[in-house]
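> let's see this in three dimensions:
(one chain, ligands or ions: 2)
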Amino acid sequence: MRTSMLKSIVRRSSVPGVSSVSRRGFASGSAPERKVAVLGAAGGIGQPLSLLMKLNPLVSRLALYDIAGTPGVAADVSHINTRSEVAGFAGEEQLGQALEGADVVIIPAGVPRKPGMTRDDLFNINAGIVKSLCTAIAKYCPHALVNMISNPVNSTVPIAAEVFKKAGTYDEKRLFGVTTLDVVRAKTFYAGKARANVADVNVPVVGGHAGITILPLFSQATPTANLSDEEIEALTKRTQDGGTEVVEAKAGKGSATLSMAYAGAIFADACLKGLNGVPDVVECSFVQSNVTELPFFASKVRLGKNGVEEVLGLGQLTDYEKKGLEALKPELLSSIEKGIKFANAN
Ligand SMILES: NC(=O)c1ccc[n+]([C@@H]2O[C@H](COP(=O)([O-])OP(=O)(O)OC[C@H]3O[C@@H](n4cnc5c(N)ncnc54)[C@H](O)[C@@H]3O)[C@@H](O)[C@H]2O)c1
Ligand SMILES: O=C(O)C[C@H](O)C(=O)O
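Numbers count the residues shown, from 1 in each chain. Ligands and ions are numbered 1, 2, ... in the order given. Okay, the predicted model is just below:
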């Protein structure tokens, strides 16, 4: 969901009911029915993300699940006069109902960082949460596209893959680690330095989603700009530390929620467009990959009717980016292996 889409949704939502033509050209009556479930919907990310998904005209049913607090969030969001019907589900006994029939499941459930913590410090709590939610996904909506937001993404995606493999439902085309916030940040920071219109900026971000595993490819940024090596290094570091910048600014009150909700809504929208057959939908995501020797890797991904249609390669890298790529591999591999080991030991 780009800025223009948000504007068009807001404009459309001032008219009761559904507008006659959506941005992608479907007449409202012919837009496919799509159910989206948000797991962790009462949280810092979950609430604004639920709002943004309610504004998305591609969604016909919105299921908001959390361990508590979702009846209130659902009642609130449900009054917005847009297409989707909203239902809230609270507590494990309602998880199955929340998931049944879902086309896309977005998972922002779990604890966020406090200052001084790494994303890996969240592993002990979030790994178990993700494992139990994925066990339910395998049972109730095994064909859904899963958008994993819960950290550490570098480990929670491999955990999900192992849970699905054990359940016999794994389809590598349907599992995504959401790294869109890294792209959102890279675009914002690059536009500032390059004095470019941020709405025109594109920057691929590859690797993973933690510290040095986040590798923005500013050499491929568009529109091009003549930035010095020092400027590129500073932009790279700022993108890698973007999450920590927010964690420190929030001073113990959590991590990025609003920008993450925006990023999560963009990625879910891309998944829905792909499912609906819209051509050339490309976003970066952490997926099962052959792009490097690592089993999971974030790179540009073409989305289609079955989820991942094509994992795109890295393109031409500068020496600085090649060095960054080699440097990130050991940490990323160890996070992936940690997730796999956890899923198989517990
Ligand atoms: N991928 C990214 O780029 C990115 C960006 C920001 C945050 N995150 C991660 O997203 C997660 C959520 O962050 P937040 O700020 O929304 O945290 P939060 O604490 O505000 O909200 C988390 C929500 O998850 C719920 N929850 C806990 N266990 C659950 C379970 N078993 N089932 C369903 N819901 C459950 C909680 O009740 C809470 O409402 C964190 O792990 C954070 O690190 C990822
Ligand atoms: O930094 C965090 O802990 C949250 C998230 O991964 C982010 O990048 O903002």
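> for the residue in the stretch 201-346 of the chain that ligand 2 sits nearest to, give me its contacts.
Scanning the stretch 201-346 of the chain for the residue nearest ligand 2 gives G243, at 2.2 Å (criterion: C-beta to the nearest ligand atom). The way it works is simple: take the backbone N, C-alpha and C, and place the C-beta from them, glycine included. G243 sits next to R113, R119, L181, S255, A256 when contact means C-beta atoms under 8 Å, 6 or more residues apart in numbering.
> now swap in R61 and tell me
E33, R34, K35, V36, S84, E85, A87, G101.
> distance check, it against D200.
Distance, R61 to D200, using C-beta to C-beta, to the nearest Å: 35 Å.
> the residue nearest to G274 when sequence neighbours are not counted bridge partners, please.
The spatially closest residue to G274, leaving aside those adjacent along the chain, is L303, at 3.0 Å (C-beta to C-beta, 6 or more residues apart in numbering). Bridge pairing for L303 (DSSP bridges) gives the partners V281, V308.
> and the residue nearest the centre of the chain, backbone torsions?
Residue closest to the average C-alpha location in the chain (C-alpha atoms, centre = their mean): V178, at 2.7 Å. Here is the backbone geometry of V178 (degrees, to the nearest 10): phi -80, psi 110.
> show me the contacts for it.
I106, N147, M148, I149, V153, A263, G264, F267, S285, F286.
> so for it, what's the pLDDT?
At V178, the pLDDT value in this model is 99.
> just P71 next, same as before
P71 is assigned 97 on the pLDDT scale.
> same check, this time on S30
Looking at S30, its pLDDT reads 71.
> ok, A127 - contacts?
A127 neighbours (C-beta under 8 Å, 6+ apart): S155, T156, I159, G339, F342.
> and the first one, how many residues sit next to it?
Spelled out, that is S155. Using other C-beta atoms under 10 Å, the number of residues around S155 comes to 32.
> so it versus K338, what's the distance?
5 Å.
> which residues do those two both contact?
Common contact partners of S155 and K338 (C-beta under 8 Å, 6+ apart): D120, F123.
> please look at S259 and V246 and confirm they touch.
Yes: between S259 and V246 there is a contact under C-beta atoms under 8 Å: 7.5 Å.
> what's the closest residue to I107 other than its chain neighbours sitting at in phi/psi?
Excluding the flanking residues, the one nearest I107 by C-beta to C-beta, 6+ apart is L39, at 4.8 Å. As for L39, its main-chain torsions (degrees, to the nearest 10) stand at phi -100, psi 120.
> start at 821, not 1
Shifting the count to begin at 821 puts that one at L859.
> just to revisit the earlier point, highest neighbour count among the contacts of R881?
V856 leads these on contacts (other C-beta under 10 Å) with 29 neighbours.
> state the distance from that residue to I926.
Applying C-beta to C-beta to V856 and I926 gives a distance of 7 Å.
> is I927 in a bridge, and if so with what?
Counting by DSSP bridges, I927 forms beta bridges with M968.
> only C-alpha atoms, please: export the helix or strand harbouring F943 in CSV.
F943 is part of helix 943-960, with elements assigned from DSSP states H and E. Provided in CSV are the C-alpha atoms of helix 943-960 (Å, rounded to 0.1, in the frame of the first residue of the first chain):
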residue,chain,number,x,y,z
PHE,A,943,14.0,-15.6,21.1
ASN,A,944,13.2,-17.4,24.3
ILE,A,945,9.7,-16.0,24.6
ASN,A,946,8.7,-15.4,21.0
ALA,A,947,9.9,-18.7,19.6
GLY,A,948,7.3,-20.6,21.7
ILE,A,949,4.5,-18.1,20.7
VAL,A,950,5.3,-18.4,17.0
LYS,A,951,5.5,-22.2,17.2
SER,A,952,2.1,-22.5,18.8
LEU,A,953,0.5,-20.1,16.4
CYS,A,954,2.0,-21.9,13.4
THR,A,955,0.8,-25.2,14.7
ALA,A,956,-2.7,-23.7,14.6
ILE,A,957,-2.1,-22.3,11.1
ALA,A,958,-1.1,-25.7,9.8
LYS,A,959,-4.4,-27.1,11.3
TYR,A,960,-6.9,-24.4,10.4
